[in-house]
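J.: return a 3D structure for these sequence lines:
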Amino acid sequence: MAQITLTDDRGHTHQFTQAPRRIVTLLPSLTETVCALDACDRLVGVDRYSNYPDSVNKLPKLGGLDDTQIETLVALRPDVVLLAPSSRVQDRLTALGLKVVVLETRSHADVKRLLLKVGQLLAVPDPLKVWQRIDAQVDAAAASLPPSSKGLTLYYEVDSAPYAAGESSFIGETLTRLGARNIVPASLGPFPKLNPEFVVRADPQVIMVAQRNAVNLAARPGWNNVRALRDKRVCVFPPEESEVMGRPGPRIGESAQWMARCLREVAAKPGSRNNNSSNTPAP
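T.: Alright, predicted model coming up:
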């Protein structure tokens, strides 16, 4: 096999005499990327938050961004460690002689780029077909929407601080492809912390929120007058869905389908209570 040369997102160039057979991933989206490329069997360890597909739950869990279990990781003798720029252990692992490939996903384009890059690293045939499947899922989700759902103004909350998913985030890109109008412009950044009054002034027609953040939305100052709350157009995603929706990886096609389901329901039942157990209105 020809030598593999790969430049990571720090600009570091790595050379491999053969495709890695023992892989550690320290980010759920990277774990899912490896598995989407049919290379789950090469994983020997993952971060504590990696939980999909189910087979990875049997692997050693090596901690998170701030508390990676370095000794345990080294003992696994990985051929490569895949991690995010935010991981604090990259320099330490490199100093210990491990090959550390730093990869970052912030957008749909990054998801496609990483599939191709990791596919190259793993010598996987035709990694582009994985992206084509994801892209087709997003297109199908958009095609499933009625004209009445197009152009609805929308607020997507990622944390009750509140932090929002703006137009420039991967979540925002999905919403744009579904025809929604994000109240948080790209100029504010991908996941800005907002003054709660910003949402009141923007008065979105639809709110999407994770179940853990949905308690007492209407009790926030001024929010009882927000159209989405007044008209019961609030989609509350259960943990198993909101977790996936927060990962910029191979399951953004599934996320698009859940978002489309929400938009179909609020468009079909304006002003009515949403009876779908997966998308029930906030209290």
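
J.: give me the residue ranges of the stretch 101-250 of the chain where confidence is low.
T.: By pLDDT under 70, the stretch 101-250 of the chain has no low-scoring segment.

J.: where do the strands sit along it?
T.: 153-159, 163-164, 181-182, 206-210, 234-237 (DSSP state E, counting those that start in this stretch).

J.: in a markdown table: the ones you listed, plus distance to residue 196 and mean neighbour count.
T.: C-beta coordinates here come from the backbone N, C-alpha and C atoms, glycine included. Listed next are the strands of the stretch 101-250 of the chain as a markdown table, based on distance: least, Cβ to Cβ, whole Å; neighbours: other Cβ atoms under 10 Å:
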| stretch | distance to residue 196 | mean neighbour count |
| --- | --- | --- |
| strand 153-159 | 10 | 21 |
| strand 163-164 | 11 | 21 |
| strand 181-182 | 17 | 19 |
| strand 206-210 | 13 | 25 |
| strand 234-237 | 16 | 26 |
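
J.: which non-adjacent residue is nearest residue 10?
T.: residue 102 (4.7 Å; Cβ to Cβ, 6 or more residues apart in numbering).

J.: and for residue 15?
T.: Per Cβ to Cβ, 6+ apart, closest to residue 15 is residue 5, 5.3 Å.

J.: just the pLDDT for the one you found.
T.: pLDDT for residue 5: 96.

J.: which residues does the one helix or strand it maps to contact?
T.: According to DSSP states H and E, residue 5 maps onto strand 4-7. Here strand 4-7 makes contact (Cβ atoms under 8 Å, 6 or more residues apart in numbering) with 13-19, 101, 117, 120-121, 123.

J.: who touches residue 62 in this structure?
T.: Counting by Cβ under 8 Å, 6+ apart, residue 62 touches 24, 26, 45-48, 68-69, 72-73.

J.: and with 7 Å instead?
T.: Applying Cβ atoms under 7 Å, 6 or more residues apart in numbering to residue 62 gives the contacts 24, 26, 45-47, 68-69, 72-73.

J.: who wins for neighbours among these?
T.: In terms of neighbours by other Cβ atoms under 10 Å, these top out with residue 24 at 30 neighbours.

J.: that residue and residue 40, how far apart?
T.: With the distance defined as Cβ to Cβ, to the nearest Å, residue 24 ends up 13 Å from residue 40.

J.: thinking again about what came up before, closest to residue 181 out of the contacts of strand 4-7?
T.: Comparing these against residue 181 with Cβ to Cβ places residue 117 closest, at 32.7 Å.

J.: and the closest one, how many neighbours does it have?
T.: Number of residues near residue 117 (other Cβ under 10 Å) recorded here: 19.

J.: circling back to that earlier point, quick one: closest of the strands of the stretch 101-250 of the chain to residue 109.
T.: Comparing the strands of the stretch 101-250 of the chain by Cβ to Cβ, strand 181-182 comes nearest, at 17.8 Å.

J.: that older thread, return the distance of the residue nearest to residue 15 relative to residue 16.
T.: Taking Cβ to Cβ, one finds residue 5 at 8 Å from residue 16.

J.: do residue 143 as well
T.: 41 Å.

J.: just residue 200 next, same as before
T.: Residue 200 is 53 Å from residue 16, where distance means Cβ to Cβ.

J.: show me the helices in the protein, by range?
T.: Along the chain, the stretches classed as helices by DSSP state H are 28-36, 70-75, 90-95, 108-121, 128-143, 170-177, 196-202, 227-230, 239-245, 252-268.

J.: quick one: which of residue 5 and residue 16 has more around it?
T.: Legend: neighbour count by other Cβ under 10 Å for residue 5 and residue 16, higher for residue 16 (18 against 11).

J.: who is the more buried one paired with across the strands?
T.: Beta-bridge pairing of residue 16 under DSSP bridges involves residue 4.
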